[in-house]
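>>> Have a look; sequence and predicted model below, questions after that.
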Amino acid sequence: MHLSRAGPGAGEPRNRSLHRARGRLAEAAHLLVHPSSRSYTGRAVASYRVDLRSDTVTTPSEAMRRAMAAAEVGDDWFGDDPTVNRLQERAAEVMGKEAALYVPTGTMANQIGLRLHFRGTGHLVVAEATAHVATTEVMSSAALSGMAFKTIRGDRRGRITAEQVQAALAPDPEDVEVVDLVAVEDTHGHAGGRVMAVEDLRAIAKVAHDHGVPVHLDGARIFNASVASGVPVAEIAAEADTVMFCVSKGLGAPVGSLVCAPAELIREARRLKILYGGAWRQAGILAAAGLIALEEGPKRLHEDHERARRLAEGVAEVLPGAIDPADVETNMVFVDTAAVGLDPLEAIGRLREEGVGATYVAGKVRMVTHVDVTDEGVRIALEAWRRIAAR
């Protein structure tokens, strides 16, 4: 196997190493904005033989398309779109909450969920250091709410403990730091789709509530967590004061996420949705697909998990040391190509040439299985990895 050396040369000056690292980060940022230029996220969806970039790339099923075409609609700004209202009622019921709000994106859902508990600009949210809200969304929180984060370094699974949260919530003797909220994520995306044990979540929630601090759950993929752990979603959601989840990820809908909370908080959430530009109109066209996703999507998530595990096992055979299949708990496969001497961006580029879509997350090559990935798709991806390794 002929692979290029991934890291800086031995004895390379520290400033040159930092320069190289900054260059790679700049390249990654450029490719996110300009995906046509040697894109590490890749080309148009139609050009992929199998698209493993994310579970957000799925296309609506025929049943969803029929439901969308026939959807009964109103104006959601006024709250009278009956299909949106049905989706919100069903989401609240599934999560065991009083009410829910349908919004366009997961980031908007999280930002509303966080803001509901936020009492003042410059106050803090406690979160694991690599959590989505503390990394990908951190600028959104700052811009929309003046929110900052007090982060806790988790283990390699993204797991934090109640004891760490207890320490983070200790009163500031100078009365400067004020923590308004604890945010948790399940599954943890940047840690490879890892599942938070409900016992850990329960312990963290107890510590937070003992301090009078609420808990927000970023449950973008909470149904994956439920399927992998065998714990019902309502039991997971019960430990949080607010929870969001996406119908546009593993559940397979084209658009949308929901914030679930007590009814009084959802009244304020609706106001925030309007302030954040999310007051869409005849959104029932999209909510119709969301209803099908919510009912049918969870039933087949185990298939995504099984395919992800097979994909991981195949890559482990081709590139020993790049991945431990035991780390794959849900639908995400993270390959540490740098550990075997292959730069991850180069690996993603080679996969793209083979017609396989992947992304760069947490310094690794990320592949995500979903409703549009078949057994044949897994075979195609593994063939691509074999050819890359043989170069």
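All right, it came through fine.
>>> okay, CA-based contacts and neighbour counts for the rest of this
Noted.
>>> In the protein, where is pLDDT below threshold?
1-46 (pLDDT under 70).
>>> 90 instead?
For the chain, the stretches flagged by pLDDT under 90 are 1-47, 119-122, 172-177, 390-391.
>>> can you pull out the helices in it?
Here the chain has its helices, by DSSP state H, at 14-33, 62-70, 82-95, 106-115, 138-145, 162-168, 198-210, 222-229, 233-237, 263-275, 284-296, 301-318, 344-353, 375-390.
>>> Could you check the angle the fourth one makes with helix 263-275?
Same thing as helix 106-115. Using axes from the mean of the first three to the mean of the last three Cα atoms, to 10 degrees, the inter-axis angle of helix 106-115 relative to helix 263-275 is 130 degrees.
>>> What helices and strands are in contact with helix 106-115?
helix 138-145, strand 215-218, strand 242-246, strand 257-261, helix 263-275 (3 or more Cα pairs under 8 Å, 6 or more residues apart in numbering; DSSP states H and E).
>>> could you redo the helices of the chain as TSV and give each row mean neighbour count and distance to Gly122?
Shown next, in TSV, are the helices of the chain (neighbours: other Cα atoms under 10 Å; distance: least, Cα to Cα, whole Å):
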stretch	mean neighbour count	distance to Gly122
helix 14-33	13	27
helix 62-70	16	42
helix 82-95	21	31
helix 106-115	25	12
helix 138-145	16	9
helix 162-168	16	16
helix 198-210	18	19
helix 222-229	23	29
helix 233-237	20	28
helix 263-275	16	19
helix 284-296	24	36
helix 301-318	21	40
helix 344-353	21	36
helix 375-390	17	46
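>>> Nearest to Asp55, out of the ones you listed?
Among those, helix 301-318 comes nearest to Asp55, with 9.8 Å by Cα to Cα.
>>> Domains of the chain: list them as residue ranges, please.
14-58+332-368+372-390, 62-298 (automatic domain parsing).
>>> Make JSON lines from the helices of the chain and add distance to Tyr48 to it.
Formatted as JSON lines, the helices of the chain follow (distance: least, Cα to Cα, whole Å):
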{"stretch": "helix 14-33", "distance to Tyr48": "17"}
{"stretch": "helix 62-70", "distance to Tyr48": "21"}
{"stretch": "helix 82-95", "distance to Tyr48": "32"}
{"stretch": "helix 106-115", "distance to Tyr48": "25"}
{"stretch": "helix 138-145", "distance to Tyr48": "31"}
{"stretch": "helix 162-168", "distance to Tyr48": "43"}
{"stretch": "helix 198-210", "distance to Tyr48": "37"}
{"stretch": "helix 222-229", "distance to Tyr48": "25"}
{"stretch": "helix 233-237", "distance to Tyr48": "33"}
{"stretch": "helix 263-275", "distance to Tyr48": "35"}
{"stretch": "helix 284-296", "distance to Tyr48": "24"}
{"stretch": "helix 301-318", "distance to Tyr48": "17"}
{"stretch": "helix 344-353", "distance to Tyr48": "8"}
{"stretch": "helix 375-390", "distance to Tyr48": "10"}
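>>> For Glu128, find the nearest of these.
helix 162-168 (9.5 Å).
>>> got a list of contacts for that closest one?
Val126, Lys150, Ile152, Asp200, Ala203, Ile204, Val207, Ala208 (Cα atoms under 8 Å, 6 or more residues apart in numbering).
>>> Tell me who's in contact with the fourth one.
Taking Cα under 8 Å, 6+ apart as the definition of contact, the neighbours of Asp200 are Thr161, Ala162.
>>> do you know how far it is from Thr130?
Going from Asp200 to Thr130 by Cα to Cα, to the nearest Å gives 18 Å.
>>> before we move on, what about the fifth one?
Here Ala203 is placed at a distance of 20 Å from Thr130 (Cα to Cα).
>>> before we move on, the earlier item: what would the domains of the chain look like in CSV with distance to Glu317?
Converted to CSV, these look like this (distance: least, Cα to Cα, whole Å):
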stretch, distance to Glu317
domain 14-58+332-368+372-390, 9
domain 62-298, 19
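>>> ends of stretch 69-83, how far apart?
End-to-end distance of stretch 69-83: 12 Å, with Cα to Cα as the criterion.
>>> what does stretch 155-164 give?
12 Å.
>>> related to what we said a few turns ago, could you dump the helices and strands packed on helix 106-115 into CSV with distance to Gly341 added?
What follows is the helices and strands packed on helix 106-115, written out as CSV (distance: least, Cα to Cα, whole Å):
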stretch, distance to Gly341
helix 138-145, 32
strand 215-218, 34
strand 242-246, 36
strand 257-261, 39
helix 263-275, 46
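>>> list the contacts for Val243?
Contacts of Val243 (Cα under 8 Å, 6+ apart): Gly113, His216, Leu217, Asp218, Gly219, Ala237, Val259, Cys260, Ala261.
>>> repeat for Thr107
If you count contacts by Cα under 8 Å, 6+ apart, Thr107 has them with Glu137.
>>> now with 10 Å?
Thr107 is in contact with Gly113, His132, Val133, Thr136, Glu137, Ser140, Ser141, Asp218, Ala220, Met244, Cys246, Ser257, counting by Cα atoms under 10 Å, 6 or more residues apart in numbering.
>>> State the distance from the fourth one to His190.
To tie it back to what came earlier, the one meant is Thr136. 10 Å.
>>> Common neighbours of those two, please.
Thr130.
>>> My guess is Lys364 contacts Asp336. True?
Yes: counting by Cα atoms under 10 Å, Asp336 is a contact partner of Lys364 at 5.0 Å.
>>> Check the contact lists of these two and give me the overlap.
Joint contacts of Lys364 and Asp336 (Cα under 10 Å, 6+ apart) are Ala322, Asp343, Pro344.
>>> Narrow the contacts of Val243 to those that are buried.
Buried members of those, scored by 16 or more other Cα atoms under 10 Å, are Gly113, His216, Leu217, Asp218, Gly219, Ala237, Val259, Cys260, Ala261.
>>> now, which of the residues you listed sits nearest Pro173?
Ranked by distance to Pro173 (Cα to Cα), these are led by His216 at 25.8 Å.
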